[in-house]
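Trainee: mind folding the following:
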Amino acid sequence: MLNFTPDEVAVQIGPIAVYWYGILYAVGLAAVYLLLTRLAVRAGRNPDHVGNGMIIVAIAAVIGGRLYHVIDQWALYQDNPASIFLPFTTEGGFRWTGVAGLGVYGGIATGTLAAYLYTRRLREPFWAWADIIAPGLFLMQAIGRWGNFFNQELFGPPTNLPWGIPIDCDHRLGTPYPCATFAETTTFHPLFLYESLSGLLGMIFLLWLGNRFRSRLRPGDLALAFFIWYGTVRFALETLRSDNWTFFGVPTAMLISAVVVIGATAVLVYRHRGPAPPEDRPEASAAADPDEDGPIDELPPGADARDLAASTEGTEPPTGASGDATALSDGAATAAPAAGEPADSGTARPAADPDPSSAG
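Mentor: The predicted structure follows:
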């Protein structure tokens with residue numbers, strides 16, 4: 001059982017404090033970049049779009065996430081609204097505080113909108129990129145949620161479980177668990193840990209799903225699976241939170257989670273109700289994937305036997321073939337009448353078979 005409370009500041013440089021929250025988000029973004037570029041290449045997409053796209057989506061997600069958090073925790077900001085935007089405070093002297101506190105659903109909403117507009121501008125398929133991004137969202141959650149551990153936030157009710165964490169008295173203010181009622185040695189459910197582990201398992205599941213059932217999936221299926229997974233976990237964890245933003249007594253995040261899960265499930269079922277459209281079929285995806293080269297069964301229109309010989313250079317002709325591709329092509333040429341020679345009115349010359357494999 002953990003018996004210490006962490007320091008939220010990693011490094012202090014004069015008046016500027018570097019917080020673990022920010023460091024972990026930076027590490028998370030770097031890890032997501034590496035993952036997304038790899039997945040983009042595998043999906044046959046341009047990995048150069050990942051860098052610019054992440055900057056745009058991250059800015060939009062921070063704005064939306066911050067807005068959601070401020071509405072959720074308005075009691076923390078109503079006396080000093082400037083702290084919503086400013087990373088410092090002048091109360092008791094200048095002090096760098098950083099900007100901490102982001103609501104996931106707010107970030108997902110504005111981040112998704114930004115990703116949609118960005119892919120539209122690039123004339124790229126949104127759903128294909130959504131599938132690439134989905135595992136990265138889980139990875140970001142798995143790493144970034146540890147920032148809540150250092151901030152001593154996102155914890156649940158008291159527990160005697162071995163993985164319970166202590167929370168110091170200052171971070172219990174405004175919660176139902178003040179030190180006056182609950183001893184300082186009380187340990188609490190680490191909700192941040194539950195979300196972090198859920199993100200790690202969710203990422204592994206989506207990567208496995210994309211590999212194992214690639215031929216059956218349609219563009220957007222992995223993104224919809226992300227919403228179903230995250231919404232279900234978030235709905236369950238809301239029952240352990242005490243500082244919820246509520247709507248008529250019901251936690252708002254729980255209502256949003258229910259809508260997200262039901263909506264994503266309905267869309268997933270609806271899109272799989274019949275045969276896939278041509279652009280969503282597995283063979284179309286395989287044709288776009290540079291790593292998967294199918295066999296050449298026949299010559300394309302306008303090509304001759306020399307093209308086949310060039311495309312299969314280094315391979316031996318089939319057993320029993322009467323000659324190589326070049327000789328076969330020459331034979332086809334002799335079948336045509338020479339210039340100035342009258343057409344043969346008798347028995348026609350046999351034309352060469354354009355397929356070497358059929359030569360006997």
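
Trainee: quick one: contacts of the longest helix along the chain?
Mentor: With secondary structure taken from DSSP state H, the chain has its longest helix at helix 48-72. Applying CB atoms under 8 Å, 6 or more residues apart in numbering, the set of residues contacting helix 48-72 from outside is 29, 32-33, 36-37, 40, 77, 84, 99, 101-111, 113-115, 118, 122, 124, 129, 244-245, 252. In this view, the C-beta of every residue, glycine as well, is placed from N, C-alpha and C.

Trainee: what about 7 Å?
Mentor: 29, 33, 36-37, 40, 77, 84, 101-107, 109-111, 113-115, 118, 122, 124, 245 (CB atoms under 7 Å, 6 or more residues apart in numbering).

Trainee: for stretch 222-237, same thing?
Mentor: Contacts of stretch 222-237 with the rest of the structure, by CB under 7 Å, 6+ apart, involve 127, 130-131, 134, 137-138, 191, 194-195, 198, 202, 206, 209-210, 253-254, 257-258, 260-261, 264-265, 267-268.

Trainee: show me which of those are buried.
Mentor: Buried members of the contacts of stretch 222-237, counted by 16 or more other CB atoms under 10 Å: 127, 130-131, 134, 137-138, 191, 194-195, 198, 202, 206, 209-210, 253-254, 257, 260-261, 264-265, 267-268.

Trainee: of the residues you listed, which belong to strands?
Mentor: Assignment to strands by DSSP state E places none of the buried ones among the contacts of stretch 222-237 there.

Trainee: circling back: which parts of the longest helix of the chain are buried?
Mentor: Those would be 49-50, 53-54, 56-58, 60-70, 72, for helix 48-72 by 16+ other CB under 10 Å.

Trainee: ranges for the helices of the protein?
Mentor: For the chain, applying DSSP H gives helices covering 20-42, 48-72, 104-122, 126-144, 146-150, 191-212, 221-237, 252-271, 282-288, 305-311, 325-334.

Trainee: using CSV, please lay out the ones you listed together with mean pLDDT and distance to Gly156.
Mentor: Below are the helices of the chain laid out as CSV (pLDDT from 0 to 100; distance: least, CB to CB, whole Å):
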stretch, mean pLDDT, distance to Gly156
helix 20-42, 95, 19
helix 48-72, 91, 16
helix 104-122, 94, 16
helix 126-144, 96, 17
helix 146-150, 93, 12
helix 191-212, 96, 5
helix 221-237, 97, 8
helix 252-271, 95, 14
helix 282-288, 46, 42
helix 305-311, 50, 63
helix 325-334, 44, 72
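
Trainee: good, we can wrap up now.
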